[in-house]
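>>> predicted model and sequence follow; I will ask about them next.
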Amino acid sequence: MTTDQSTFAKIGIVTVSDRASRGEYEDLGGPAIHKELSQILISPWEPVTRVIADDQELIEQTLIELADTENCCLIVTTGGTGPATRDVTPEATEAVSEKLMPGFGELMRQVSLKFVPTAILSRQTAGIRGKSLMVNLPGKPSAIKDCLDAVFPAIPYCIDLIDGPFLETNSNYCKAFRPKNK
């Protein structure tokens, strides 16, 4: 585990939206993720943001770049997780992952079902590529907050296990879980 806390952890924030990538629609998802991470994390971090179209090849290339070239320990996507024809973010994530982490999607759907019955249509997933954890979130800012709040307690320990940087959370907002015997 890398524990040099003097360096910034790089976190990829990817908005997947045809309209936002063309400038026809304001990106609300990426800023919502940034805001939530700013409240959760107290360790230094640096966002690496992208706004891209709903194109599987482009999503795959972006995830690979953020993991392999930018060395982001965490890559969080928003958008493209529904059942529409252009919604291909989970397929792209699965295609570039070395290990799938289905528990993230299961928990996010469970939490979302408390607010909206259509949460069963969401196909969020997560996967690991090298030393990067990739997590797909929905596109609506309130759902981003609900889902990120639900899964984030497990994210720092997951990143520890894949030899990423030590992420410290604001325990008054989100208490990260790490086993006591570690």
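On my side now, so go ahead.
>>> okay, CA-based contacts and neighbour counts for the rest of this
Will do.
>>> which residues touch the residue most central in space within the chain?
Centroid check for the chain by Cα atoms, centre = their mean gives Val76 as the closest residue, at 2.1 Å. By Cα atoms under 8 Å, 6 or more residues apart in numbering, the contact set of Val76 is Ile11, Gly12, Ile13, Val14, Ile33, Met134, Val135, Asn136, Leu137.
>>> wait, a strand at Ile75?
Yes. Per DSSP: H, G, I helix; E, B strand; the rest coil, Ile75 lies within a strand segment.
>>> could you say which helix or strand contains Met134?
In this assignment (DSSP states H and E), Met134 forms part of strand 132-137.
>>> pull out the buried residues from whichever helix or strand comes after that strand.
Going down the chain from strand 132-137, the next helix or strand is helix 141-151, by DSSP H and E. Across helix 141-151, burial judged by 16 or more other Cα atoms under 10 Å covers Pro141, Ala143, Ile144, Lys145, Asp146, Cys147, Leu148, Asp149, Ala150, Val151.
>>> with adjacent residues omitted, what lies nearest to Ser17?
Take Ser17 and drop its neighbours on the chain: the residue closest to it by Cα to Cα, 6 or more residues apart in numbering is Ala53, 5.0 Å away.
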